[in-house]
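**Student:** how does the following fold in three dimensions:
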Amino acid sequence: MELRHLRYFVAIAEAGSMTVAAGRKLHTSQPSLSRQIRDLEEEVGAQLLTRRARGIELTPAGRTFLDHARLVLSQVDAAGEAARRVATPSKPCFTMGFLTGHELAWMPEALRILRDELPNINVMISSQYSPPLAEAISKGNVDAGFLRRERGVPELAFRPLVKEPIVVVLPSDHPLAARKAISPGDLVGETFVGVSRTAPVVRAVIDDYLKRSGINLKPAHETEHVVMGVSLIASTGGVALLPAYAQNFLTPSVTSRPLKGDAPTVDLVLGYKKSNRSPILKLLLSKVDELVARASGKAR
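**Tutor:** Numbers count the residues shown, from 1 in each chain. Next up, the predicted model:
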């Protein structure tokens, strides 16, 4: 599988037509594009597109693959931009890290705030799990990160951003999806998708909530991040407890419902090294309230 396969697939999905994507977006022939997509489907091992009289339609596998493809391409673009900026460091450089999946809401607003005040800076982006992101901040490789309140890093300081409720994520055709809210006891006996140790803070919040609720759910599968979780739910028919930002990645075959009663929450914070004297960091910290207001408004 090559990056061009992903770019072709995303272009077709967004255009809704093989012909439109070939002629207007990719400037290639339709037969050639069709061959590329067949190669991609063979590599993936699943049919991604269904050809209709009026265009194309994504299969359930295709809808799930589209989310992953977009995320991979955005990370590749960010990596290329970061490399170019390091190669020509003529401007002050500031590195921001994001817990994977939170880029959608927070990165555009953080960039706008920084560049409105400091248009002549280079901002590099890193996307990874929360624990290694905290380590990167501690080592000085990242100036500020949108992450969980990780333990064991006393050299870091955290500014609270939002409290994310934990929600139930489940197949759209699941019987529990007919309910407005779901109790933890309703999940007993279901195929449960748990959170892996790559997200220790979220895992601890969920484990504590289930323990307080008197519920014992043994995971049949574990997910490392929300995109993987949505894919597992779509493919296994399972259910999961995930932070609410997972709703940004739901496909038509997967939905979410709130928990009944007092749902647990997990903090998203802005973390930085206490000894970091960057004036760019100082500016960002002074704009945290504005950043939260902008990102919260966008999420609504």
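**Student:** when you work out contacts or count neighbours from here on, use the C-alpha atoms and nothing else.
**Tutor:** Fine.
**Student:** who are the packing partners of the lowest-mean-pLDDT helix or strand in the chain?
**Tutor:** The weakest-scoring helix or strand in the chain, judged by mean pLDDT, DSSP states H and E, is helix 18-20 (a mean of 76). Contacts defined by 3 or more Cα pairs under 8 Å, 6 or more residues apart in numbering; DSSP states H and E place helix 18-20 against helix 30-44.
**Student:** residues making contact with the helix it packs on?
**Tutor:** Residues from elsewhere that reach helix 30-44 (Cα atoms under 8 Å, 6 or more residues apart in numbering): 1, 5, 8-9, 18-19, 22-23, 47-48.
**Student:** again, 10 Å this time
**Tutor:** 1-2, 4-6, 8-9, 12, 18-23, 26-27, 45-49, 61-62, 65 (Cα atoms under 10 Å, 6 or more residues apart in numbering).
**Student:** again with stretch 77-86
**Tutor:** 71-73, 75-76, 87, 91, 93, 95, 122-127.
**Student:** ok, now stretch 273-283?
**Tutor:** With Cα under 10 Å, 6+ apart as the criterion, stretch 273-283 contacts 92-96, 113-114, 117-118, 121, 134, 136-140, 142-145, 153-158, 272, 284-287.
**Student:** residues near residue 213, how many?
**Tutor:** Other residues near residue 213 number 12, with proximity taken as other Cα atoms under 10 Å.
**Student:** what does it show for phi and psi?
**Tutor:** phi -80, psi -10 (degrees, to the nearest 10).
**Student:** report pLDDT for the nearest residue to it once chain neighbours are set aside.
**Tutor:** Closest residue to residue 213 apart from its sequence neighbours, by Cα to Cα, 6 or more residues apart in numbering: residue 184 at 7.2 Å. You'll see residue 184 listed with a pLDDT of 94.
**Student:** count of residues packed around residue 184?
**Tutor:** 19.
**Student:** please report how far it lies from residue 164.
**Tutor:** From residue 184 across to residue 164, the span is 18 Å (Cα to Cα, to the nearest Å).
**Student:** likewise residue 97?
**Tutor:** Distance from residue 97 to residue 164, by Cα to Cα: 19 Å.
**Student:** for the two, indicate the residue with more neighbours.
**Tutor:** Comparing residue 97 with residue 164 by other Cα under 10 Å, the one with more neighbours is residue 97, at 28 against 16.
**Student:** I'd assumed the more buried one was in a strand, is it?
**Tutor:** Yes: secondary structure of residue 97 (DSSP: H, G, I helix; E, B strand; the rest coil): part of a strand.
**Student:** does residue 195 touch residue 222 like I think?
**Tutor:** Yes: under the criterion of Cα atoms under 10 Å, residue 195 makes contact with residue 222 at 5.3 Å.
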